[in-house]
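Participant: one predicted model, sequence on top.
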Amino acid sequence: MATLTINGESHQLDVPDEMPLLWALRDVADLTGTKYGCGMSLCGACTVHLDGQPTRSCVTPVSAAVGKQVTTIEAVGENPVGEAVQTAWRKLDVVQCGYCQSGQIMTATALLNGNRNPSDDDIDNAMGGNICRCATYVRIRAAIHDAASTLA
Amino acid sequence: MRILDRMPSPVQESQQSTAVINVSRRRFLQGTAGLALGVYLAPLLVDSANASAATTQADFVPNAFVRIDSDGSVTVIAKHLEMGQGTYTGLATLVAEELDADWSRVRVEGAPADAERYKNLAFGMQGTGGSTAIANSYEQMRMAGATARAMLVAAAAAQWGVPASSISVEQSLVRHAGSGREADFGQLAEAAAEQPVPGNVTLKNPKDFTLIGTLKTPRPDSPAKTDGSAIFTQDMKLPGMLVAVAAHPPRFGATVKRFEDTEARKVPGVVDVVRFAGGPWRFDGVAVLATNTWAASQGRDVLNVEWDESQAFTLGSDEIMARYRELADGQGAMASQRGDVDAALAEPATLIEADYEFPYLAHAAMEPMNCLVQLGDGRCDIWHGEQFQGLDRSAVAELLGIAPEKVSLAQLFAGGSFGRRANPHSDFVLEAVSITKAARDNGIDAPVKLVWMREDDTRGGYYRPMNFHRGRLALDADGKLIAWHQRLVGQSIAAGTAMEAFMVKDGVDATSVEGAANLAYDVPNLQVELHTPQDIDVPIQWWRSVGHTHTAFSTESLIDEAAVAAGQDPVAFRRALLGGHPRHRGVLDLVADKAGWSQPLEPGAEGERRGRGVAVHESFNSFVAQVAEVTVRQDGSYRVDRVVCAVDCGVAVNPDVIKAQMEGGIGYALAAVLHGEITLDKGVVQQTNFHNYPVLRINEMPAVEVHIVPSTQAPTGVGEPGVPPLAPAMANAIFDATGTRLRKLPFTNKLTT
C-alpha cells in the first residue's frame, strides 16, 4: 500500500513499491491521461511532474513518488503556465492522434516554468525526449512560443 | 467510476433501444449522383444495458450520420477512424456546412460496425485507408447535413405557418425574417423528427460555403486530447477486466512447443496464463492475464516458452536483399509497357543505371497495438481504434463460429496507425479474441484487454515491405529522355488477403507498382516490371502511402539524374515532360515559386555546403511537390533546414488539417529517411524499442511551409500524399550540395564526399 499525493489529493494505492508510477496512475488510480509509449524513458508519453520536475513515470517506481506532489495532465491546467500551454495547443490545433500530447504538454509546461522565453534551441533541448509520431513538432514549437508570449 | 462514465457504449444490432424514434420511418433516402446515402433513421441501435448513452425521445436522428439533441448539440457520427489525420474534423465540417450548424456545438462520435450504413463508398466495405475518407464522404456527408437542415426548416415552417422557402438558417438558428421568429436547433429537434424525410435536397453552391475552405473549424478533438480525457484503447477499462500481455515467438511462423509458467503465476496480480493458437499470418503464443498491465508484463517476461521453429522463417535482411538483387536480373511480370525500351536502350547517347534499396519499416504508432474484447453467449463486443470493420468483423465471427451481426466493434481514438490498425489478416484483433476465448474456456469469464508492449509492437511484423528497384534510363544526343525501364522486387501486400482478387492482376499487385507503373513523365518507351517473391514469410502491410513510399523515391531520383545528365534545371526538365499532367505541373510551379527556386540558395556558414532538391508525385489522387533544403556540415553530417510543400487535393475542405497532414507527412517520411530500418538476422527482428528503432525528434524537424493549390475539383485525400516526395527531394538536395547520390534507405548519417 502506497500513499501518494496526486493532483493535490491523497490516494491510497494497493500496489507494490516497485510498480512504475505510470501503471499506478493509469491502472489503479484511473488517471489515464498519462500514456504508455515505450517503458524505457525513450518517448516521454508518460511525463508527469514530481514536485514540479518533469519525470518519466514509466521508469519511476511508486516508492520514489511517495511524499512528493504528483501532477498529471488531468490537473496541469490548474496552474497558469499549464493552462497557457493547453490554450496555445488548442489555439494552434497542435494535436493529431493526440496520444503523445499529454507528455508534450507536461514537458512544455515544465520548460516554461523555468524559462519564460525559450529559444528554439531551448525548446529542442527540453522537448527532445518527447516523441510525436505524427510529427506535430512544427506546431509544438510554435505553441510553446505562443504560450510564452501570453505569459509574458 | 470515472472511466466508465466516459466510456463509449458498444452497439449491437440485435437489440434496439426503446428510447429511439419511430421505426416506421426507417427507409432509404434517395441517392444522388449514384451515391447511396445512409439508411434513414437508422435508430441508433444501442445496447439496452447502456441505454443512458442512448438518444432520448426529443432527439432528432434524421439519418445515420447526424443526431441533434434537445439541447441543440449536433453529433456527427463518423464512419471513419480518427487516428490523427483529422477525419473527424473533415466529416463534421461537411455535415455542419450543409446543416448551417454552429461549429462550437458540433461533436463527433465514432460509428459502430455496420457494413450497410457506414461502408466506405470507395471500398464497398467499412474501413478507413487509402486517404479516402473525405473523398468518399464529400457528397454523402453533405447530403446528411442538408437533409437534416430541410427537416428542421420544415418543422419550423409548420410551427410558424410560413412557407419553408421564407426560412433561413445560420449558426444553428432557424429564422423567419418576416415575423422575426427564430428557434434553436434544440427547440426544433423533436418536431423535426416527425417531419417526412425529403426525397431530394439541394446541396449548396460551393461559393456559398461558410465552413468548407475556411479556418473556422478547429479540431473537435483538440480539447480532449490536451487535457487527458480522450479515450484510446489503452485507456479502456470494464468491470472485472483483465490485461493480457503475450509472449510471441522470436521468429515468424514458429509455434509453442511447451511452456512453463510457475514464475509468471507468482507475480502479484497475475490471474492466469493461457496458450492461444495462432493462424496463418498471426502469432501463436502464450498470454499472461493480470489485474493490471504491469503485472501482466512482468509475468510475461518470466514465462519460459520453448518454441517449435520447424516452420519458422530464418532468412536475414542481407540474404533477402541479395535474392531480390538477383531476381532483378531477370524479367518480371509486366506492370506497364509502351514503345520499345530494349531498342531505345540499345545505343543511348546517355545511359543512367541505378539500384535502390528499401528496408522493412515498422509503423511504430505511439499507441502500441491493443484491443479490448468481451465475450458473451454467442456474441463478442470489441473496443479499439478500429480501422477495418469490414474484415475484422467477419474474421472474428469466423474464429468464434458466430454470425457477424453478433460482433460489435466500438470505435475509439487511435494513437496513430499509419496503416497498421487496418490489418488485412486482423492479426492483433484475432489474437485478443483468441486469448479472451482461451481464458473463458479456462473458466475466466472476464473482458480482456490485450496490450502489446513497445517491443511486441516493433517486433510484431506487418512491416512496409523491403524493396529493390533497378532503373535504366536512356537520353538521346539532345538530352531528351527516350527510355525508362524499371524492375521492382518486393513482396505483395494484397496476396493472400481478401483484397487479392481486385488488387492483383496478371501477377502484379497494384500497390507494389503504384507511382511507378503510372509514371507521369512523357517518355516514348516505358517498361515497368515486377518480381513478387513468394517465399519470404515476413508479414507485411501498407505503411502510410504504401507503394509510393518506395516508387516516389526511385522515380523522382531517376528523373533528377536524367535532368542533370541532360544539363537542365531539375524543375524545368520535369515541367517539360509533364505537358499532359496539368495538376503535377500546378504543384511543381507553385512549389518552385514559393521556394524561390529561380534564386540562388543562401550559402551556409564557413565549411558548410547547402543544396536544394525537388520532387513531385501523385498519390491517392492528390498531387504534392516538395523542395527540400539541406545543409551538409564539414564533418559530413547534415540536416534538412526547410521543406516547402505544394499540394493539390481538390477542394480544400479544412485547409489547416491539410497543412497539418503535410507537416506530419514530411516528418513521418523524414524519420524513415534518417533512421527507419527493421532488419532481420536469421529471421529474428533486431529492433525492439525507440533506442534501436529511432524515429524523428523535434530537433530534426525542419521548418515546413505548405501551400495549397486553389481548386474546384472533388476533394481527395491528404493523410498519405505528403509522405512520398520528401525522400527524393532530400536525396536530390544532398546531390545538389555534394554531388553524391544516395540510393539506399535509410540514408547514411554521415556523407563521406
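Facilitator: It's in. Numbers count the residues shown, from 1 in each chain, chains lettered A, B, ... in the order given.
Participant: where exactly do the helices run in chain A?
Facilitator: Secondary structure of chain A (DSSP state H): helices at A:21-23, A:62-65, A:73-76, A:80-91, A:101-114, A:120-127, A:137-151.
Participant: nearest to B:Gly269, out of those helices?
Facilitator: Across the helices of chain A, B:Gly269 has its closest neighbour in helix A:21-23 (10.0 Å, Cβ to Cβ). Backbone N, C-alpha and C define where each C-beta goes, glycine included.
Participant: is chain B contacted by that closest one?
Facilitator: Yes. Judged by Cβ under 8 Å from any Cβ of the partner chain, helix A:21-23 comes into contact with chain B at A:Trp23.
Participant: setting aside sequence neighbours, what's the nearest residue to the residue most central in space within chain A?
Facilitator: Centroid check for chain A by Cα atoms, centre = their mean gives A:Met106 as the closest residue, at 2.6 Å. What sits nearest to A:Met106 in space, not counting adjacent residues and going by Cβ to Cβ, 6 or more residues apart in numbering or on different chains, is A:Thr47, at 4.2 Å.
Participant: which residues touch that neighbour?
Facilitator: By Cβ atoms under 8 Å, 6 or more residues apart in numbering or on different chains, the contact set of A:Thr47 is A:34, A:54-57, A:102-103, A:106-107, A:130.
Participant: now with 10 Å, please.
Facilitator: Listed by Cβ atoms under 10 Å, 6 or more residues apart in numbering or on different chains, the contact set of A:Thr47 reads A:22, A:34-35, A:41, A:54-58, A:72-73, A:100, A:102-110, A:129-130.
Participant: just B:Arg325 next, same as before
Facilitator: B:355, B:357, B:468, B:470, B:489 are the contacts of B:Arg325 under Cβ under 10 Å, 6+ apart.
Participant: check whether stretch B:117-129 contacts chain A.
Facilitator: No. Contact of stretch B:117-129 with chain A (Cβ under 10 Å from any Cβ of the partner chain) is absent, the minimum separation being 13.0 Å.
Participant: please spell out which residues along that stretch are buried.
Facilitator: Within stretch B:117-129, the residues that qualify as buried by neighbour count (16 or more other Cβ atoms under 10 Å in any protein chain shown) are B:117-123, B:125-129.
Participant: just to check, B:Ala439 is in contact with B:Gln374?
Facilitator: No. Assessed by Cβ atoms under 10 Å, B:Ala439 is found out of contact with B:Gln374, at 11.3 Å.
Participant: more neighbours: which of the two?
Facilitator: Comparing B:Ala439 with B:Gln374 by other Cβ atoms under 10 Å in any protein chain shown, the one with more neighbours is B:Ala439, at 25 against 20.
Participant: A:Ala75 touches A:Leu25, doesn't it?
Facilitator: No. In this structure, A:Ala75 is not within contact of A:Leu25 by Cβ under 10 Å, at 11.6 Å.
Participant: output stretch B:74-90 in CSV with nothing but the alpha carbons.
Facilitator: Provided in CSV are the C-alpha atoms of stretch B:74-90 (Å, rounded to 0.1, in the frame of the first residue of the first chain):
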residue,chain,number,x,y,z
VAL,B,74,-25.2,18.4,-33.1
THR,B,75,-23.5,15.0,-33.1
VAL,B,76,-21.9,13.8,-36.3
ILE,B,77,-21.4,10.0,-36.5
ALA,B,78,-18.0,9.5,-38.1
LYS,B,79,-17.8,6.3,-40.2
HIS,B,80,-14.0,6.8,-40.4
LEU,B,81,-11.4,6.2,-37.7
GLU,B,82,-9.8,9.3,-36.2
MET,B,83,-6.1,8.3,-35.9
GLY,B,84,-4.7,11.8,-36.1
GLN,B,85,-5.4,12.6,-39.7
GLY,B,86,-8.3,14.9,-38.9
THR,B,87,-11.1,13.0,-40.4
TYR,B,88,-13.5,13.8,-37.5
THR,B,89,-12.9,17.5,-38.3
GLY,B,90,-13.4,16.9,-42.0
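Participant: related to what we said a few turns ago, looking at the helices of chain A, which is buried most?
Facilitator: When these are scored by mean count of other Cβ atoms under 10 Å in any protein chain shown, the highest mean neighbour count falls to helix A:21-23 (a mean of 27).
Participant: domain-wise, how is chain B divided?
Facilitator: The record's domain parsing of chain B by automatic domain parsing lists B:2-226, B:233-311+B:369-451, B:328-361+B:463-738.
Participant: in the sheet, who's paired with the residue nearest to A:Met106?
Facilitator: Listed by DSSP bridges, the beta-bridge partners for A:Thr47 are A:Arg56.
Participant: can you tell me how far it is from B:Trp160?
Facilitator: From A:Thr47 over to B:Trp160 the distance is 56 Å, taken as Cβ to Cβ, to the nearest Å.
Participant: ok, the residue in the stretch 101-250 of chain B positioned nearest to chain A to A:Thr71 distance?
Facilitator: Nearest to chain A, among the residues of the stretch 101-250 of chain B, is B:Gly228, at 1.9 Å (Cβ to the nearest Cβ). From B:Gly228 across to A:Thr71, the span is 11 Å (Cβ to Cβ).
Participant: cool, B:Val448 as well?
Facilitator: B:Val448 is 32 Å from A:Thr71, where distance means Cβ to Cβ.
Participant: same question for A:Val62.
Facilitator: From A:Val62 over to A:Thr71 the distance is 16 Å, taken as Cβ to Cβ.
Participant: go on, A:Cys100?
Facilitator: With the distance defined as Cβ to Cβ, A:Cys100 ends up 18 Å from A:Thr71.
Participant: show me what from the stretch 501-650 of chain B comes close to chain A.
Facilitator: The stretch 501-650 of chain B comes close to chain A at residues B:Val643, as judged by Cβ under 10 Å from any Cβ.
Participant: show me where the stretch 501-650 of chain B has helices.
Facilitator: Under the criterion DSSP state H, counting those that start in this stretch, the stretch 501-650 of chain B contains helices at B:510-513, B:548-565, B:570-576, B:582-595.
Participant: how about a markdown table for the ones you listed, with mean pLDDT added?
Facilitator: Shown next, in a markdown table, are the helices of the stretch 501-650 of chain B (pLDDT from 0 to 100):
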| stretch | mean pLDDT |
| --- | --- |
| helix B:510-513 | 98 |
| helix B:548-565 | 98 |
| helix B:570-576 | 98 |
| helix B:582-595 | 98 |
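Participant: good, we can wrap up now.
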